[in-house]
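Enquirer: turn this into a structure:
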Amino acid sequence: MRIRVLLSLAALVSPFITACGGDAEVPPPQSRPVKVFLVEGPGSEALRNFPGNVQASQRADLGFRVSGTLQEILVREGEDVNKDQVLARLDPTDFKITLEDRQATFDNAERNFERAKELIVDGNISKLDYDRMEANFRTSRAALSQASQDLEYTELRAPFDGTIGRREVENFEDVIAKQTIFRFQNVAQMDILIDLPESLVRSIAPRERDRERIPGSDVERAIPSFASFEGRPDSRFPLTVKEVATKADSQTQTFRVTLTMPQPTEFQVLPGMTANVQVDFSNVIAANYFKWVPITAVQADSALDARVWKIDPNTMTVNSHPVKIGRMSGRRIEVTDGLYGGEEIVSVGAPYLSEGMRVTRMERREQAEPREDES
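Expert: Next up is the predicted model:
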């Protein structure tokens, strides 16, 4: 009985001993997982959509130029007002008292200075006394002018035609100079702010051939753009370029572009709303514009020529494809020739591939993110 048990155990263990032996060969994997990158084509780059933030073209935070107590607020939030219309008033009592005091001081200094001008002619006063009286006259005149101006500053007026966007204080509050009382804006003309990616700015950087292709400096005709709003996707409004930042944001590496449009007549667009901005770059991006790919996607062959691994989507196999490269920027490199757009290339795992090898696309959650210090 014991012999039978030992033989049975030997039969079970023998396959494992054979597998662990030196003569056994482990079959190669059926396919290698890789991270892929889709090369963008001219069509996808030419027509781009960006989220836009709506702001009023004219806007200002209004406050008094002097401190005091709010006596009267004359407008409501959302109310339309005209230029120079009084919006609020401070209690003018203290300012009137100061003005009367400065007026009395000025009158006395003016009389003394007029007498001094008569006495200096006959030599009855010294030149030093005359200069002192003239200085007192000029100082008191400036103080009187300041007091008169401060009294006028107790009224807050609209700097242009617009709308009261928001009121920041309540009546009878003590306010200080330059404290915001109203958020004021003119919604007849609206600005829409978008952020242009660095890769697109590089593609449309001005070159000599581009200058010949773009007639004059008519940016609006060369790069037409349109805005649409949620709930009204069929309504498109043409935009004009107002400002273009030439320095990238330090965190997002995008360039701020300000576009402008008149207030629509079909519905009202208010500051703070969002818009979808569609920009057509087909006039400024050449058909053979340069592509930017991850630097890890470009390898060197035995002759040290640049190549990428293209994926055949039908067979999921890779083949080596020669390319010409240009500049590097961060983790990306410029491909000047060899890619036309729409290709899938291997961006991570390229050093371990061979011609005709089968690959599988790594899922997003399986793809490792590069570290900040990697370039």
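Enquirer: okay, domains of the protein per the record?
Expert: Using automatic domain parsing, the domain parsing of the chain gives 32-42+289-365, 45-57+186-280, 64-88+157-180, 93-152.
Enquirer: pretty sure residue 243 sits against residue 255.
Expert: No - between residue 243 and residue 255 there is no contact, the gap being 10.7 Å when judged by Cβ atoms under 8 Å. From N, CA and C alone the C-beta is placed, and that goes for glycine too.
Enquirer: the more surrounded of the two?
Expert: Neighbours per residue, other Cβ atoms under 10 Å: of residue 243 and residue 255, the larger number sits with residue 255, 18 against 11.
Enquirer: please report how far the residue nearest to the more buried one when sequence neighbours are not counted lies from residue 328.
Expert: Spatial nearest neighbour of residue 255, chain neighbours left out: residue 196 (4.6 Å); criterion: Cβ to Cβ, 6 or more residues apart in numbering. From residue 196 over to residue 328 the distance is 21 Å, taken as Cβ to Cβ, to the nearest Å.
Enquirer: tell me which of those two has more neighbours.
Expert: Ranked by neighbour count (other Cβ under 10 Å), residue 196 and residue 328 place residue 196 first, with 18 against 13.
Enquirer: the strand or helix carrying that one packs against which elements?
Expert: Assessed by DSSP states H and E, residue 196 sits inside strand 182-197. Here strand 182-197 touches strand 47-62, strand 162-167, strand 254-262, strand 274-280, going by 3 or more Cβ pairs under 8 Å, 6 or more residues apart in numbering; DSSP states H and E.
Enquirer: can I get the domains of the chain in a markdown table including mean pLDDT?
Expert: As requested, the domains of the chain are exported to a markdown table (pLDDT from 0 to 100):
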| stretch | mean pLDDT |
| --- | --- |
| domain 32-42+289-365 | 85 |
| domain 45-57+186-280 | 80 |
| domain 64-88+157-180 | 95 |
| domain 93-152 | 94 |
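Enquirer: what sits against residue 345?
Expert: 36-37, 39, 293, 297, 308-311, 321, 339 (Cβ atoms under 8 Å, 6 or more residues apart in numbering).
Enquirer: wait, which of the residues you listed is closest to residue 133?
Expert: Nearest to residue 133 out of the contacts of residue 345 is residue 293 (Cβ to Cβ; 82.3 Å).
Enquirer: would you list the contacts of residue 345 in JSON lines and tack on distance to residue 127?
Expert: Below are those laid out as JSON lines (distance: Cβ to Cβ, whole Å):
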{"residue": "36", "distance to residue 127": "92"}
{"residue": "37", "distance to residue 127": "87"}
{"residue": "39", "distance to residue 127": "87"}
{"residue": "293", "distance to residue 127": "84"}
{"residue": "297", "distance to residue 127": "88"}
{"residue": "308", "distance to residue 127": "91"}
{"residue": "309", "distance to residue 127": "95"}
{"residue": "310", "distance to residue 127": "96"}
{"residue": "311", "distance to residue 127": "97"}
{"residue": "321", "distance to residue 127": "95"}
{"residue": "339", "distance to residue 127": "88"}
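Enquirer: show the buried residues in these.
Expert: 36-37, 39, 293, 297, 308-311, 339 (16 or more other Cβ atoms under 10 Å).
Enquirer: who's the residue lying closest to residue 244 once chain neighbours are set aside bridged to?
Expert: Computed as Cβ to Cβ, 6+ apart, the closest residue to residue 244 that is not its neighbour in sequence is residue 257, at 5.3 Å. Here residue 257 sits in beta bridges with residue 194, residue 244, going by DSSP bridges.
Enquirer: hey, where'd the helices end up in the chain?
Expert: 2-19, 42-46, 93-122, 127-152, 198-203, 208-213, 219-222 (DSSP state H).
Enquirer: how much space is there between the nearest residue to residue 48 once chain neighbours are set aside and residue 192?
Expert: Excluding its sequence neighbours, the residue lying closest to residue 48 (Cβ to Cβ, 6+ apart) is residue 279, at 5.2 Å. Look at residue 279 and residue 192: by Cβ to Cβ, they are 11 Å apart.
Enquirer: ok, these two, which is more surrounded?
Expert: residue 192 (26 against 19).
Enquirer: tell me the contacts of the more buried one?
Expert: Neighbours of residue 192 in contact, by Cβ under 8 Å, 6+ apart: 52-55, 227, 239, 258-261, 275, 277.
Enquirer: look up how far residue 145 lies from it.
Expert: Going from residue 192 to residue 145 by Cβ to Cβ gives 44 Å.
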